[in-house]
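Engineer: below are the sequence and a predicted model for it; my questions follow.
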There are 4 protein chains.
Amino acid sequence: TGLEPSWLYQLSKAGKLCVPAMNVNDSVTKQKFDNLYCCRESILDGLKRTTDVMFGGKQVVVCGYGEVGKGCCSALKALGAIVYVTEIDPICALQACMDGFRVVKLNEVIRQVDMIITCTGNKNVVTREQLDRVKNGCIVCNMGHSNTEIDVASLRTPELTWERVRSQVDHVIWPDGKRVVLLAEGRLLNLSCSTVPTFVLSITATTQALALIELYNAPEGRYKQDVYLLPKKMDEYVASLHLPTFDAHLTELSDEQAKYLGLNKNGPFKPNYYRYWSKRRVMEFSSFPPFRHRHGRSAR
Amino acid sequence: TGLEPSWLYQLSKAGKLCVPAMNVNDSVTKQKFDNLYCCRESILDGLKRTTDVMFGGKQVVVCGYGEVGKGCCSALKALGAIVYVTEIDPICALQACMDGFRVVKLNEVIRQVDMIITCTGNKNVVTREQLDRVKNGCIVCNMGHSNTEIDVASLRTPELTWERVRSQVDHVIWPDGKRVVLLAEGRLLNLSCSTVPTFVLSITATTQALALIELYNAPEGRYKQDVYLLPKKMDEYVASLHLPTFDAHLTELSDEQAKYLGLNKNGPFKPNYYRYWSKRRVMEFSSFPPFRHRHGRSAR
Amino acid sequence: TGLEPSWLYQLSKAGKLCVPAMNVNDSVTKQKFDNLYCCRESILDGLKRTTDVMFGGKQVVVCGYGEVGKGCCSALKALGAIVYVTEIDPICALQACMDGFRVVKLNEVIRQVDMIITCTGNKNVVTREQLDRVKNGCIVCNMGHSNTEIDVASLRTPELTWERVRSQVDHVIWPDGKRVVLLAEGRLLNLSCSTVPTFVLSITATTQALALIELYNAPEGRYKQDVYLLPKKMDEYVASLHLPTFDAHLTELSDEQAKYLGLNKNGPFKPNYYRYWSKRRVMEFSSFPPFRHRHGRSAR
Amino acid sequence: TGLEPSWLYQLSKAGKLCVPAMNVNDSVTKQKFDNLYCCRESILDGLKRTTDVMFGGKQVVVCGYGEVGKGCCSALKALGAIVYVTEIDPICALQACMDGFRVVKLNEVIRQVDMIITCTGNKNVVTREQLDRVKNGCIVCNMGHSNTEIDVASLRTPELTWERVRSQVDHVIWPDGKRVVLLAEGRLLNLSCSTVPTFVLSITATTQALALIELYNAPEGRYKQDVYLLPKKMDEYVASLHLPTFDAHLTELSDEQAKYLGLNKNGPFKPNYYRYWSKRRVMEFSSFPPFRHRHGRSAR
């Protein structure tokens, strides 16, 4: 789905961006579909096509509770799995609690889980040392980014045997006979072992096409050599184009209501102060020097 | 929960703000608890305490699919109600579709629903004309803001009889005997007929206290006469203080991982480019002149 | 809701039943509403009215996974609680697994849970020794039958202080200051602290009325001094009378379909062999003499 | 999974059964796994593998709300589909209402649904006339029994073109270009386009093996030339053998509790009066001559 926006911002910061760029990746509609809604389905699809595993009653740990993790957790829970979450961010961890998931460190559950699913964007989230301790038959896969989340390299050692049992499915066999089921060699399960529904592609393609048209049509001077987000109104437009698929009918504001809310009847529909979000950027916030997180077992 | 942040921004824009102000209302943690998590429970609680209604099988329309609406819909669906959603914002409407709710105009379902719940922040979302058409026994209540969402004034007319059947519960009786069950005279159900759990109060009070301490401790010049958002790190701190309640254990980044992600090990945990959100503010976006929303039945 | 059917069967077995009796309690419709559907809502209602507790993130153990337990678990899970189940029956235990609940012995989770809910029909399911070990603030209540499930008598000892904090809510205070929140003194929460929706009463009353009419109208000799179940067709009739409330529309069998299924177009709709259920009664089943359950940790 | 039990009962009734037979199909454990738990997963799996369809927001009608239908509805609802149910049995219809599904006649929603799934055990549940009216792209499949539920024969006519687009997937093309996506030519989707998890096979095989051992070991005279259900205790034994997979720990009754409940500590765990279920068989129940179902729109 294109260049990672973080690279664009790095280029921009370094003064090396030669043209205006539109960060379509962080438009709300595309984000939700690529991550939350798509992964909610592809985690099930990818696991079924590769392993035929039954979800009911299985213990699963999902590493990372961002949009992808939220999608995976929601689907697996709905099908009767018992899901644990690991997180580094206390806000996401609190969301996981409120959604009914135990938030644990991976080591707390590593011996008991039937599946490990990574969705962090981080590297080496699952290490060789941890894989040494998982149960026989444990399924390990990655829904996050690239192929860094599971330390697959550490499994390519002489004492472990790899057996390809099916396309995209390897059994990694320990000397004592224990088998770990590694999917797609640690690459993205949703791209390697599942499909992307046409509806999701339509959202993405529409967003990208609108961004290109805007950059092409814009009067000179509107966009400089910087990174821009898709305007909210355009994001709303992408969404509105896809509503008829669901036979969904939008309510229209009356003149009186639009005036009351201070909104244009055709959107954007979120009030202006939503835009001041980034004011936080200004602050150094040094006045809470300790500010170390105190939580978990050690704190009590 | 204090001054509406939109008023602060209006004061600031008009140059009438005499001191620095912290918009605690839009901190992520407080937002989610006050709205999504709290209302998910108080909609059930408020309805039960006032009406003893059974949720299973009931048809309900929820007006507005913001955080409050999402909470109400999720809880009612989980207890077996059939839930319809009305929305003006196509992005929220698409979210409702993906979460399994029919998105309709209120008039499409007005004759069949057993309950109407408003969560829009708007005025006159339910009109007298619509209440004239609801079923006998229909429950009407407001989870949104103030008391403007249901046009209660229009019900105070001579041909309708009001009967107070219980504290906070009025039967409004039409000449043909039809009764509409109006809760809290259209004021907030969650405040009038339910309770706010201490956990939610703790989140709010912690957020407010930290903001005051920061404003008090800040070196001169850090804050001007403007409106500031709570720094993300502080928001995360509020969350982390509440994790032990749930026996939740955060994962800590290794040095190598923190470097890979470009993050400080103690947070904030969202990458820097999240902060550039407001760039969108710059754009006029005139290049799509038609840009009227085309959707729903009439568009096909 | 009337005489426990087990007493009727005991009377019948002892030859002391002087009139024909109809066991309305075990008719499918009444069972499901009194237990599953009603308790799914009243567990939330009863807990909220008495304690204002927030469900999200709370750890709860539900003792017993029959119809009542299934209702409680489903509702609490849907609102974000983390639910554990205890069971004596392996079939119900397996159902709990497949529905996504950890099946544990009470002692495994007794120190960590925020709520204990009994739904077993058994006695002393929660003992004094276990209550000695629960967390400060743990809520203990009974959704099962009568007041035997929690050993409340064991709490009426000099070293514990009882404090009535609200109607139906006692704090039982340990010498070290720990408080256990006991609801309704261990009596039924759903009857003491919640309400029974009129819809459930209608199902029950309809079932009872039809049974009485049948007994009154029946030709002599149809019923002897024994216990009878409501005929399936009558059970279906009760259900069909309540469908219009939900605007539900039944499909009718064509003549060809009825013939294919071997059913009467007006029901009963379950095939004849369903009726042979009790053949199992005949068997002694002595050929598996050991037949002790081997499971859990000790067995592996 | 073997001979349909209804055939066994027909043979028995006709006096043509030459040996004792065990109806393993209706043992609780096998029933739940073959139908509810297995189909809850295979409906998603079968649809994904054949069509890559996205479930979120889709309108689906499920014909039949028995165990299979309940599994399909639960899974699809959990993934964001909007699900309608058709039923002939008022008890099942009421269950569907309480679980949050609109109960409709197929014709009410035939024009709007994106998928039709049959789970009735009946024939010609979806007719040619109805398929003439579905939307372009509508997916039609069968989760019920054999290949009778969809009237596939009626689609093999000259004016319709069949196009095999993938293994098990046919596009049936109407003269106006409309395409209906027919899966597995109307045969069982769960067997043709999905897989059966080994866990389900283990439940089935264990049940069958125990039944055979019992028939072989039984002393002469225990079983006559009739159809028997698996004894409840044996059913419980099958379940208990599968609990360690989930690390589930059963609670054991104390002597005092077993006595209180009138149960053997090793089971069976359901009280004796459960066995009298079939008494209903005795009754003619002629005293409610009208007894036609009055429901739905026409009745009001």
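Structural biologist: All right, it came through fine.
Engineer: can you list the residues of the stretch 51-200 of chain A near chain C?
Structural biologist: Residues of the stretch 51-200 of chain A lying near chain C by Cβ under 8 Å from any Cβ of the partner chain: A:56-57, A:77, A:79-82, A:97-102. From N, CA and C alone the C-beta is placed, and that goes for glycine too.
Engineer: which of these lies closest to residue C:207?
Structural biologist: residue A:80 (32.3 Å; Cβ to Cβ).
Engineer: which ones are touching the closest one?
Structural biologist: By Cβ atoms under 8 Å, 6 or more residues apart in numbering or on different chains, the contact set of residue A:80 is A:55-58, C:97-100, D:37, D:40.
Engineer: let's see 7 Å
Structural biologist: By Cβ atoms under 7 Å, 6 or more residues apart in numbering or on different chains, the residues touching residue A:80 are A:55-57, C:98-100.
Engineer: and which of those is nearest residue C:186?
Structural biologist: residue C:99 (26.8 Å).
Engineer: returning to that earlier point: just the ones of the residues of the stretch 51-200 of chain A next to chain C in helices?
Structural biologist: Per DSSP state H, helices hold the following members of these: A:77, A:97-98.
Engineer: please list the outside residues in contact with stretch A:53-65.
Structural biologist: Under Cβ under 7 Å, 6+ apart, the answer for stretch A:53-65 is A:47, A:69, A:72-73, A:76, A:79-87, A:92-93, A:95-96, A:106, A:109, A:112-120, A:125, A:139, A:144, C:97-98, D:37, D:41, D:197, D:199-200, D:246.
Engineer: centre of the chain to it, how far?
Structural biologist: 16 Å (Cα atoms, centre = their mean, to the nearest Å).
Engineer: most surrounded residue in the ones in helices among the residues of the stretch 51-200 of chain A next to chain C?
Structural biologist: Using other Cβ atoms under 10 Å in any protein chain shown as the neighbour criterion, residue A:97 leads these with 27 neighbours.
Engineer: and the nearest residue to that one once chain neighbours are set aside, how many neighbours does it have?
Structural biologist: Using Cβ to Cβ, 6 or more residues apart in numbering or on different chains and skipping the chain neighbours, the partner closest in space to residue A:97 is residue C:57 (3.8 Å). Neighbour count of residue C:57, defined by other Cβ under 10 Å: 28.
Engineer: per-residue pLDDT, residue C:57?
Structural biologist: pLDDT, residue C:57: 97.
Engineer: kindly provide the distance from it to chain D.
Structural biologist: 21 Å (Cβ to the nearest Cβ, to the nearest Å).
Engineer: narrow the contacts of stretch A:53-65 to those in helices?
Structural biologist: Among the contacts of stretch A:53-65, the members falling in helices (DSSP H) are A:47, A:69, A:72-73, A:76, A:92-93, A:95-96, A:106, A:109, C:97-98, D:41, D:199-200.
Engineer: just curious, which of those is nearest to chain B?
Structural biologist: Distance to chain B across the ones in helices among the contacts of stretch A:53-65 (Cβ to the nearest Cβ) is lowest for residue A:93, with 5.5 Å.
Engineer: which residues does the nearest residue to residue A:106 once chain neighbours are set aside form beta bridges with?
Structural biologist: Nearest residue to residue A:106, sequence neighbours excluded (Cβ to Cβ, 6+ apart): residue A:86, at 5.2 Å. Applying DSSP bridges to residue A:86 gives these bridge partners: residue A:63.
Engineer: and residue A:86, what does it touch?
Structural biologist: By Cβ under 7 Å, 6+ apart, the neighbours of residue A:86 are A:61, A:63, A:104-106, B:251.
Engineer: what about residue A:231, neighbour count?
Structural biologist: Residue A:231 is flanked by 23 other residues according to other Cβ under 10 Å.
Engineer: what does residue A:12 give?
Structural biologist: When neighbours are counted by other Cβ under 10 Å, residue A:12 registers 19.
Engineer: now do the contacts for the nearest residue to it once chain neighbours are set aside.
Structural biologist: In this structure, residue A:12 finds its nearest non-sequential neighbour in residue A:227, 5.0 Å apart by Cβ to Cβ, 6+ apart. The contact partners of residue A:227, taken as Cβ under 7 Å, 6+ apart, are A:8-9, A:12, A:21, A:23.
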